[in-house]
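Colleague: Show me the folded form of this:
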Amino acid sequence: MFILPWFLRRLIRAGKLTVIGPDGRAETFGGQEPGPEVTLRIKTRGFDWKVLRGPELVVPEAYMDGSLVFEEGGLREMIALYNINLERRGASQVETAFQRALRITRRFIERNTPDRARKNAAAHYDIGNDLYRLFLDEDMQYSCGYFPTGEETLEEAQRAKKRHIAAKLRLRPGQRVLDIGCGWGGMAIYLAQVADVEVLGITLAERQIEVARERARAAGVEDRVRFELTDYRKVEETFDRIVSVGMMEHVGVGQLGIYFGSLLDQLDPDGVALIHSIMRMEPPGLTSPFTRKYIFPGGYIPALSETAASLERAKLWLLDCEIWRKHYAMTLGNWYERFMANRDKAKAMHDERFCRMWEVYLAGAEAAFLTGPMAVMQLQLGLKRDAVPLTRDYLAEEYERLGARERALGDEQAA
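Modeller: Next up, the predicted model:
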């Protein structure tokens, strides 16, 4: 091998990477600074040239196909090693120019029309509800949990996330709420139960909506919660409150203006919206080729600068912005551990290659929040600057009220 060693000698300084080639010869890279230590074996010839297509896609595919195996350390350590060194190295002039050219074309390649958005949603969310039950919490919350102390279980963190969002919405009985990207219905059902509100949940995933409707019936809130299979751009009603958790990442490149414009049209004059989304803490970038090809086709993590610019054009007030830094890393760590504990069940549903693909996805996403540029943000929006109190002091009262209602519901279910 020639190309891969040339690349690694220039990249790896922190930590240590040993690569064993198809001929059995080993070479070690890095060691100048502390960091993860990994040994991997490349089992097939020709891998050296494939790296020219881009390591962020070629290496995961080699792991998925079994032509790259770990002999010391593992996938999590390898991804951390790569991210740490990539951040320190920075991009070359050639790489920067190439990335700039790709950003120019991405609006056309990744344009999320309503038809394409539905196909993209089906590609990820309709692969089987039973798969997601293997690693999500009991409420099937497929977004970042909230870890106030860092010691919470996944179930506690997801319940805390729902309570935190409900507190920011300042819900009152009888209000109408739109849940954009409602998933399996957990947030909508929670809001109806703790705040006695009416909720319309919308999604583009058919299998999700089947579960959401059944869960609403089982919880006894089907008279206050309904779910529809529709695009956010097609909702014509107006609402007192809007909540959107983990949805803005699916809006797509160039669609943020349309997304916020829809919120403007759907929100009542005194209304409040809470947007919970991943954002990148760096200039606008590109969706990784692995994620785009295998996990979230059409997905894009916007930069804070892109989001702020779109908000300004939509003339929505940014009432509050809260940044969650490592909460998603803890959430993803829980998901990864649960997935690995149930890996045999996932393999029975799909196959070995699929399981390795999801290992790459979960471990890579975890690393993006530990050593990469990703964070979760909660944007509280309104049409009026005084749609919520001027300080966050009101959250304590909302927490107390919601917590009391949660405890009452628990007592009712236990009786």
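Colleague: hang on, Thr287 in a helix?
Modeller: No - assignment of Thr287 by DSSP: H, G, I helix; E, B strand; the rest coil gives coil, placing it outside any helix.
Colleague: How about it: what's its closest non-neighbour residue?
Modeller: Take Thr287 and drop its neighbours on the chain: the residue closest to it by Cβ to Cβ, 6 or more residues apart in numbering is Tyr300, 5.2 Å away. C-beta here means a position set from N, CA and C on the backbone, and glycine is covered the same way.
Colleague: again, but for Pro289
Modeller: Leu57 is the one closest to Pro289 (Cβ to Cβ, 6+ apart), at 4.2 Å.
Colleague: where does Ala122 land on pLDDT?
Modeller: Looking at Ala122, its pLDDT is 73.
Colleague: err, Gly183, not the other one
Modeller: For Gly183, the model assigns a pLDDT of 96.
Colleague: repeat for the one 4 residues further on
Modeller: The per-residue pLDDT reported for Met187 equals 98.
Colleague: cool, Thr105 as well?
Modeller: Looking at Thr105, the pLDDT reads 52.
Colleague: Please apply the same query to the one 5 residues further on.
Modeller: Turning to Glu110, the model gives it a pLDDT of 56.
Colleague: for the one 4 residues further on, same thing?
Modeller: At Pro114, the predicted lDDT confidence score is 71.
Colleague: Output the longest helix belonging to the chain as PDB, nothing but the C-alphas.
Modeller: Identified as the longest helix of the chain according to DSSP state H is helix 394-414. What follows is helix 394-414, C-alpha atoms only, in PDB (Å, rounded to 0.1, in the frame of the first residue of the first chain):
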ATOM      1  CA  TYR A 394     -41.300  31.100  34.800                       C
ATOM      2  CA  LEU A 395     -39.700  27.700  34.000                       C
ATOM      3  CA  ALA A 396     -39.500  26.700  37.600                       C
ATOM      4  CA  GLU A 397     -43.300  27.200  38.100                       C
ATOM      5  CA  GLU A 398     -44.000  25.200  34.900                       C
ATOM      6  CA  TYR A 399     -41.700  22.400  36.000                       C
ATOM      7  CA  GLU A 400     -43.500  22.200  39.300                       C
ATOM      8  CA  ARG A 401     -46.900  22.100  37.600                       C
ATOM      9  CA  LEU A 402     -45.900  19.500  35.000                       C
ATOM     10  CA  GLY A 403     -44.100  17.300  37.600                       C
ATOM     11  CA  ALA A 404     -47.200  17.300  39.700                       C
ATOM     12  CA  ARG A 405     -49.300  16.200  36.800                       C
ATOM     13  CA  GLU A 406     -46.800  13.500  35.900                       C
ATOM     14  CA  ARG A 407     -46.900  12.100  39.400                       C
ATOM     15  CA  ALA A 408     -50.700  12.100  39.300                       C
ATOM     16  CA  LEU A 409     -50.700  10.200  36.000                       C
ATOM     17  CA  GLY A 410     -48.300   7.700  37.500                       C
ATOM     18  CA  ASP A 411     -50.600   7.200  40.500                       C
ATOM     19  CA  GLU A 412     -53.600   6.700  38.200                       C
ATOM     20  CA  GLN A 413     -51.800   4.100  36.100                       C
ATOM     21  CA  ALA A 414     -50.600   2.200  39.200                       C
END
